[in-house]
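In: I would like to see how this sequence folds:
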Amino acid sequence: MKKLVWVIIICFILVVFLQLRIDTFREHYKPGGTASFGYISREVLATALMGLREVAASLLWLKIEDYFHSGEHEKIAPLIRIITWLDPHFIEAYSSGAWQLAWNSEDWRLIPSAEEFLQEGIKNNPDKYELYADMGWLYYDKVKDYDKAVEWYKRATALPSPPTVKRMLAHSYERAGKIDEAIKVWKKLVEEGQKVVEKNPKNFEAIFDRDVAIHNYNLCIIRKVDRAALARNPKHYYLTYQVYRISPRILQIRGKTNLPELSRIHVSLVDADIEARKTKSLGWQLMNLTEYRDVWPQVRNGEIKTEIDLSDTLKYPLKGDTFILKLSFIPQTQPIVVQDYVGWLGEGMTGNDLTVVHASPPKKKL
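Out: Okay, here's the model as predicted:
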């Protein structure tokens, strides 16, 4: 019986090898390339069936590089899903897959999928810092939930990780308005960096890391003092706007404000019952959920102007009966030069349109 099993295995290997040789000359006799199963070539499938799943995953990863550089991005996500099935320890595949969903697609409805994908990667690789840091960046850069960013970066820094991850933890603390915690992280980075430099004075990377920490540590202390002064004499701010429908699916927004130059206004248009809709399956959401968000329109000479383009009917199906249009100025998300006027959390702001978010520490938004 054992001999029969070995004969079958050897025959299978020989068949695969022979097929690979045939495929090499196939184009000379019958153009059209190698037969495939979806995006998976016979070579990759054979490799996977032989038990070399990691090798098959690596071959597919090379294919992803081709798709990315040729602009065929729609083919990437399915392949990444297969790669992580073949090799659940392929860290870069999880990182790339989350990026494709949350950033490259430019579709806010896919952010929960990006989060779930990273969660799966973390479950399969709990001792690797990279995916914890990716989750932190998702909340820091895309979702703008800095408290959750802090949570994930703390988990990343609890594992062996480079100084860049600890720097992002400090920045997340700053954005969350937890300045004393940020200063502690910067101070620790300065001390750790100094020890590395003392051991090897010619380690220029360590010198750079230490000097970056010193720079940010000093800036954080200076801004803590300066922005505390803003709270003692806050300035009155306002934001008014009008909405124009310039085509069936395009809205134009024009506004006036006395917010600092280059302030960023968060614009969103969502279903009025979006929270209830989000409880449905992701497939249902993609067909029935409208979630438009734009955080880029900037204040120029006391004015803002932007357009909401919903002409992509797949991304913006408009299946709801009513929608909520919201414009908001959130101090946490602003460039540093703007925060120097309004504070980390709006402590330098007052006005009739201001909303205080009761959190710890309290936040304001216009």
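
In: Could you verify my assumption that Ser95 touches Asp134?
Out: Yes - judged on Cβ atoms under 8 Å, Ser95 makes contact with Asp134 at a distance of 5.3 Å. In this view, the C-beta of every residue, glycine as well, is placed from N, C-alpha and C.

In: who has more neighbours, those two?
Out: Neighbour totals were compared for Ser95 and Asp134, and Asp134 leads with 23 against 19 (other Cβ atoms under 10 Å).

In: any chance you could map the strands in the stretch 101-250 of the chain?
Out: 235-236, 239-247, 250-257 (DSSP state E, counting those that start in this stretch).

In: Kindly reformat these as CSV and extend each row with mean neighbour count.
Out: Formatted as CSV, these follow (neighbours: other Cβ atoms under 10 Å):
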stretch, mean neighbour count
strand 235-236, 12
strand 239-247, 12
strand 250-257, 17
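
In: what's the closest of those strands to Ile83?
Out: Shortest distance between Ile83 and these, using Cβ to Cβ, is found for strand 250-257: 38.7 Å.

In: Show residues contacting the closest one.
Out: Strand 250-257 has contacts (Cβ atoms under 8 Å, 6 or more residues apart in numbering) with 237-246, 263, 265, 267, 269, 297, 299, 302-311, 325, 327, 329.

In: What of stretch 152-166?
Out: Here stretch 152-166 makes contact (Cβ under 8 Å, 6+ apart) with 127-130, 132-133, 135-136, 139-140, 168-169, 172, 185, 188-189, 192-193, 209, 213.

In: where does the chain have low pLDDT?
Out: 1-74 (pLDDT under 70).

In: Look up how far Tyr244 lies from the spatially most central residue of it.
Out: In the chain, the residue lying closest to the centroid (Cα atoms, centre = their mean) is Leu138, at 3.4 Å. Distance, Leu138 to Tyr244, by Cβ to Cβ, to the nearest Å: 34 Å.

In: ok, now which ones touch the residue lying closest to Asn352 once chain neighbours are set aside?
Out: By the measure of Cβ to Cβ, 6 or more residues apart in numbering, the closest residue to Asn352 outside its immediate chain neighbours is Tyr238, 7.4 Å from it. Tyr238 makes contact with 257-258, 351-353, 366, according to Cβ under 8 Å, 6+ apart.

In: Are any of those residues buried, and if so which?
Out: 257, 366 (16 or more other Cβ atoms under 10 Å).

In: so which of the contacts of Tyr238 comes closest to Arg293?
Out: Among these, and counting by Cβ to Cβ, the member closest to Arg293 is Leu366, at 17.3 Å.

In: and the gap between the closest one and Lys326?
Out: 12 Å.

In: Isn't the residue nearest to the centre of the chain up against Leu118?
Out: Yes - shown here, Leu138 and Leu118 form a contact pair, counting by Cβ under 8 Å, at 6.9 Å.

In: which residues do these two both contact?
Out: Ala98.

In: can you count the residues close to Leu230?
Out: There are 19 residues near Leu230, going by other Cβ under 10 Å.

In: An error on my part: the question was meant for Asn104.
Out: 14.

In: Could you do Gly97 as well?
Out: 25.

In: Mind telling me what element it is part of?
Out: Under DSSP states H and E, the secondary-structure element containing Gly97 is helix 91-99.

In: Can you mark which positions in that helix are buried?
Out: For helix 91-99, a neighbour-count test (16+ other Cβ under 10 Å) marks 91, 93-99 as buried.

In: and if you look at stretch 199-218?
Out: 206-207, 209-210, 212-214, 216-217.

In: swap in stretch 300-317?
Out: For stretch 300-317, the neighbour count (16+ other Cβ under 10 Å) marks 304, 306, 308, 310, 315-317 as buried.

In: follow-up on the earlier one: dump the buried residues of helix 91-99 to CSV, plus distance to Lys278.
Out: Output for these, formatted as CSV (distance: Cβ to Cβ, whole Å):
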residue, distance to Lys278
Ile91, 29
Ala93, 27
Tyr94, 23
Ser95, 25
Ser96, 25
Gly97, 21
Ala98, 19
Trp99, 22
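
In: what does stretch 331-345 contact?
Out: Identification of contacts with stretch 331-345 by Cβ under 8 Å, 6+ apart yields 144, 146, 174-177, 179, 223, 226-227, 230-231, 235, 237, 259-260, 262-264, 266, 295, 346, 348-349, 361-365.

In: Make sure Gly302 is actually in contact with Asn258.
Out: Yes - taking contacts as Cβ under 8 Å, Gly302 lies within contact range of Asn258: 6.4 Å.
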